[in-house]
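Colleague: sequence? don't have it. structure:
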Ligand SMILES: Cc1ncc(COP(=O)(O)O)c(C=O)c1O
């Protein structure tokens, strides 16, 4: 810490300097310098004195960010008939940096004093807030430094660098990244902008709610994903102030249920989190201001399973031609999982609030979604090793329109007779009925057929997402599903 302070006091800090300082401190085993919370306080987010934003804050934000933010389309979902909900999708992933976070980031930057603008700002973020801050910092000529934890998605880190910001990839989670950023803010006199709890951030996010009620008349409910709670705080306040009867539903991933924990404890509380497809929601403790503003306005809180997030991502690609990241797909995940069946027949708005998903993760989500829906199957079948044995199997699959994705065979290690071969197949079907047809056909024609299971295929998903499955019923009774 000695060196960190010394260097911080007199030098022009480039990104390299900061990374070097952190590395130096780590090498010196001086972990206390970075992990020690002493004096590392964000004056805008204080537990004892939480700041509730007002509707006027949101309308001021709407006015001041108007020229710099896209008023994104809100369109009726093609899934409406299938799920039995009059569903509208607010496509905020169409913002330049791919998420709603631009709203709050721009407003927070616009609201800085001239002096603060000349010094610059710092923040810690898993990605979307960092991207938004870096982009609007560049547009407004304000220097931005962001600390991103090592688990932040690679494409988000790379994109931040493109906007000319100081990007520090450090800290195992958001908590650690935040401490590093606060330390640097203190040393350099920079203003720290919390990505979900700074009052201007929440007010900026509230403009999404204003647009939703302008876009769609007579809304019954809105479903909002929760990370640190800034989005739901702003949206709930905007919507409930104008239309008090609209139901506000918050959604979290089962891997990071920090709002649920806060609600239970009646105050923000540290919640251990696991890696999740909804990486934007992986915040171990919701914000004090966000909790104070949002908690009284949330009518229902649901916690969704990861597999439903994968299915929601798949459905959005297939049905809406939208690429949405896990965090942005949690609302649809809750609907598909049958956790919001009370919304059937109602008019609901769902913000698709982020589209920044690594391409490799997207590929895996789509495959997992297909497997969970019973459309991607894995089986091993023992066939005759005589010429034409495998060809016969392939012909059979082709005859019912099953598409082979992968096929391999094995002779040496199989236990059955010497004239047999095990063939392992991964194949794609149209739907669950088609999969059943395939299974019946294989069982009729071969003595030994073993279907592979993955954790996803044990889900027992409904054939049609309208129908209730056992899993859905279990989910809806999940104690984590909290109603106000
Ligand atoms: C795409 C997306 N959706 C939702 C959220 C949740 O927002 P908040 O942290 O304000 O609750 C985030 C947070 O980063 C996000 O990136």
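Modeller: Looks like it arrived, so ask away. These numbers were taken from a predicted model, which means no experiment stands behind them. Numbering: from 1, shown residues only.

Colleague: in this protein, which helix or strand is least confident?
Modeller: For the chain, counting by mean pLDDT, DSSP states H and E, helix 2-10 ranks last in confidence among helices and strands (a mean of 32).

Colleague: isn't residue 174 up against residue 149?
Modeller: Yes - between residue 174 and residue 149 there is a contact under C-beta atoms under 8 Å: 5.7 Å. C-beta coordinates here come from the backbone N, C-alpha and C atoms, glycine included.

Colleague: what touches both of these two?
Modeller: Common neighbours of residue 174 and residue 149, using C-beta atoms under 8 Å, 6 or more residues apart in numbering, are 124, 126.

Colleague: enumerate the residues of the protein near the ligand.
Modeller: 99, 128-129, 196, 225-232, 280-281, 283, 325, 327-328, 353-354 (C-beta under 6 Å from any ligand atom).

Colleague: rerun at 5 Å
Modeller: 99, 128, 196, 225-231, 280, 327-328, 353-354 (C-beta under 5 Å from any ligand atom).

Colleague: just those: which has the poorest pLDDT?
Modeller: Among the residues of the chain next to the ligand, residue 280 carries the weakest pLDDT, at 87.

Colleague: confirm for me that it is in contact with residue 357.
Modeller: No - with contact defined as C-beta under 8 Å, residue 280 does not count as touching residue 357 (9.7 Å).

Colleague: just want to know which of these two has more residues nearby.
Modeller: Between residue 280 and residue 357, counted using other C-beta atoms under 10 Å, the more crowded position is residue 280 (32 against 26).

Colleague: for the more buried one, give its distance to residue 252.
Modeller: Distance of residue 280 to residue 252, given as C-beta to C-beta, to the nearest Å: 11 Å.

Colleague: what is in contact with the two at once?
Modeller: By C-beta under 8 Å, 6+ apart, residue 280 and residue 252 have these common neighbours: residue 225.

Colleague: tally up the residues packed near residue 269, please.
Modeller: With other C-beta under 10 Å as criterion, residue 269 counts 15.

Colleague: identify the residues contacting it.
Modeller: So residue 269 contacts 258, 261, 262, 285 (C-beta under 8 Å, 6+ apart).

Colleague: one step back: residue 174 and residue 149 - which one has more neighbours?
Modeller: Per other C-beta under 10 Å, whichever of residue 174 and residue 149 has more neighbours is residue 174, with 25 against 21.

Colleague: quick one, phi/psi of that one?
Modeller: Main-chain dihedrals, residue 174, degrees, to the nearest 10: phi -60, psi -40.

Colleague: residues in contact with it?
Modeller: Residue 174 neighbours (C-beta under 8 Å, 6+ apart): 124, 125, 126, 149, 282, 283, 284.

Colleague: also residue 283?
Modeller: Contacts of residue 283 by C-beta under 8 Å, 6+ apart are 126, 174, 196, 227, 228, 256, 258, 273.

Colleague: in what helix or strand does it lie?
Modeller: When elements are assigned from DSSP states H and E, residue 283 belongs to no helix and no strand.

Colleague: residue 332 contacts residue 312, correct?
Modeller: Yes - Residue 332 lies in contact with residue 312 (C-beta under 8 Å); the separation is 4.1 Å.

Colleague: what about residue 296, neighbour count?
Modeller: Residue 296 has 12 nearby residues by other C-beta under 10 Å.

Colleague: can you classify it by secondary structure?
Modeller: Of the three states, residue 296 takes helix under DSSP: H, G, I helix; E, B strand; the rest coil.

Colleague: ok, it to residue 233 distance?
Modeller: Residue 296 is 10 Å from residue 233, by C-beta to C-beta.

Colleague: find residues that contact each of those two.
Modeller: Jointly contacting residue 296 and residue 233 under the rule C-beta under 8 Å, 6+ apart is no residue at all.

Colleague: wasn't residue 425 part of a strand?
Modeller: Yes - counting by three-state DSSP, residue 425 is part of a strand.

Colleague: the closest residue to it other than its chain neighbours: neighbour count?
Modeller: In space, and not counting its chain neighbours, residue 425 is closest to residue 407: 5.2 Å by C-beta to C-beta, 6 or more residues apart in numbering. Number of residues near residue 407 (other C-beta under 10 Å) recorded here: 14.

Colleague: again with residue 308
Modeller: 29.

Colleague: OK, contacts around it?
Modeller: By C-beta under 8 Å, 6+ apart, residue 308 lies in contact with 333, 334, 336, 337.

Colleague: now the residue of the stretch 1-150 of the chain found nearest the ligand: how far from residue 148?
Modeller: Distances between the stretch 1-150 of the chain and the ligand by C-beta to the nearest ligand atom are smallest at residue 128, namely 3.7 Å. Using C-beta to C-beta, one gets 11 Å for the distance from residue 128 to residue 148.

Colleague: so between those two, which is more surrounded?
Modeller: residue 128 (31 against 26).

Colleague: name the SS class of the residue nearest to residue 425, please.
Modeller: strand.

Colleague: which residue packs closest to the residue nearest in space to the middle of the chain, ignoring adjacent ones?
Modeller: For the chain, the residue sitting closest to the mean C-alpha position, by C-alpha atoms, centre = their mean, is residue 327 at 1.6 Å. Closest residue to residue 327 apart from its sequence neighbours, by C-beta to C-beta, 6+ apart: residue 280 at 3.3 Å.

Colleague: quick one, phi psi at that neighbour?
Modeller: The phi and psi values for residue 280, taken as degrees, to the nearest 10, are phi -70, psi -20.

Colleague: OK, contacts around it?
Modeller: By C-beta under 8 Å, 6+ apart, the residues touching residue 280 are 99, 126, 127, 128, 225, 227, 325, 326, 327, 328, 354, 356.

Colleague: does residue 102 really touch residue 135, like I thought?
Modeller: Yes - using C-beta under 8 Å, residue 102 makes contact with residue 135 at a distance of 6.9 Å.

Colleague: any shared contact partners between the two?
Modeller: residue 96.

Colleague: helix, strand, or coil at residue 182?
Modeller: Classified using three-state DSSP, residue 182 is helix.

Colleague: distance of it from the ligand?
Modeller: Distance of residue 182 to the ligand, given as C-beta to the nearest ligand atom, to the nearest Å: 18 Å.

Colleague: on that earlier part again, nearest to residue 318, of the contacts of residue 174?
Modeller: residue 282 (26.0 Å; C-beta to C-beta).

Colleague: overlap in contacts of residue 128 and residue 148?
Modeller: Common neighbours of residue 128 and residue 148 (C-beta under 8 Å, 6+ apart) are residue 156.

Colleague: torsion angles phi and psi at residue 302?
Modeller: Dihedral angles (degrees, to the nearest 10) for residue 302: phi -120, psi 150.

Colleague: burial of it, as a residue count?
Modeller: Neighbour count of residue 302, defined by other C-beta under 10 Å: 27.

Colleague: again, but for residue 227
Modeller: For residue 227, the count of nearby residues is 30 (other C-beta under 10 Å).

Colleague: same deal with residue 266?
Modeller: Residue 266 - counted by other C-beta under 10 Å - has 9 other residues nearby.

Colleague: now do the strands in the stretch 251-400 of the chain.
Modeller: Assigned strands in the stretch 251-400 of the chain, in chain order: 300-304, 347-351, 376-384 (criterion: DSSP state E, counting those that start in this stretch).

Colleague: alright, I will stop here.
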